[in-house]
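Asks: Any chance you could fold what I've pasted below:
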Amino acid sequence: MTENTHAGKAASYDIGRPDYPEAFFEWLYAEAKIAPDGVIADIGCGTDKVARHFLERGNPMFAIEPDPDMLRIADEKLRAYPNYRSFQRSAEDTGLESGSADLIFCGNSYYWFDRKLVVPEFRRISRGDGLAALAWLGGGENQYDRERNEIYSKYPETPTGRVNDKSQVFAPGAFIEKIFDYSVAETVDEFLNGALSEAGTPNPGDARMSRFATI
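Replies: Okay, here's the model as predicted:
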């Protein structure tokens, strides 16, 4: 079962995490041939960063999120869409019916999933041969990212028993890789909340927060 890697961070996550580029969704629909009634399972949906894009196009959506605060924010934003259904469940045990999803989507949350459990679960809930899309928002090699990562590395807080798995996800030849140029302009508030939303960042009340906040 996925441990709650972002407990206490929902509000900061919602403010500080950037949206995904529209070009990504346009490419995904063209490449994966998603039908208007194709069912999307957004695993580790967070607060709505991805689900909204599918719902706006009319697709039925299953939003799976283990963190109750994240899911509450997503529900508040998305409950008006008739095709939206949410479940407070883990990626390894979604609770969805077998063969219920035409496309499984995961963002950066896939790093934290238990591969031994989540792969058979994804196969179970996929319809037909199944399609999966993994998308990561990441920076390039630049001074900003190097300095930020240096700060974060001083205050690591990897959730107990969880491993950030960066190994190859798909078998060679079984996937298409696409990279989008995407620049994000952040306000100071968005930047700070983005930092606070990281899994390894101390939460308010943590003894390390006063030191982290002065960096």
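Asks: List the residues that contact the spatially most central residue of the chain.
Replies: Centroid check for the chain by Cα atoms, centre = their mean gives G107 as the closest residue, at 3.5 Å. Under the criterion of Cβ atoms under 8 Å, 6 or more residues apart in numbering, the neighbours of G107 are Y20, G44, G46, K49, V50, L134, A135, W136, L137. (Each C-beta comes from the backbone N, C-alpha and C, glycine too.)
Asks: Just the ones of those residues in strands?
Replies: In strands, judged by DSSP state E, the following of these are found: L134.
Asks: I'd like the contacts of G107 written out as a markdown table, with neighbour count added.
Replies: As requested, the contacts of G107 are arranged in a markdown table below (neighbours: other Cβ atoms under 10 Å):
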| residue | neighbour count |
| --- | --- |
| Y20 | 18 |
| G44 | 25 |
| G46 | 24 |
| K49 | 19 |
| V50 | 23 |
| L134 | 16 |
| A135 | 19 |
| W136 | 10 |
| L137 | 16 |
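Asks: Could you let me know which of the contacts of G107 ends up closest to A35?
Replies: Taking Cβ to Cβ as the measure, A35 lies nearest V50 of the contacts of G107, at 18.2 Å.
Asks: Tell me the secondary structure at the residue nearest to that closest one when sequence neighbours are not counted.
Replies: Once flanking residues are discounted, V50 sits nearest to D42: 5.5 Å by Cβ to Cβ, 6 or more residues apart in numbering. Classification of D42 using DSSP: H, G, I helix; E, B strand; the rest coil returns strand.
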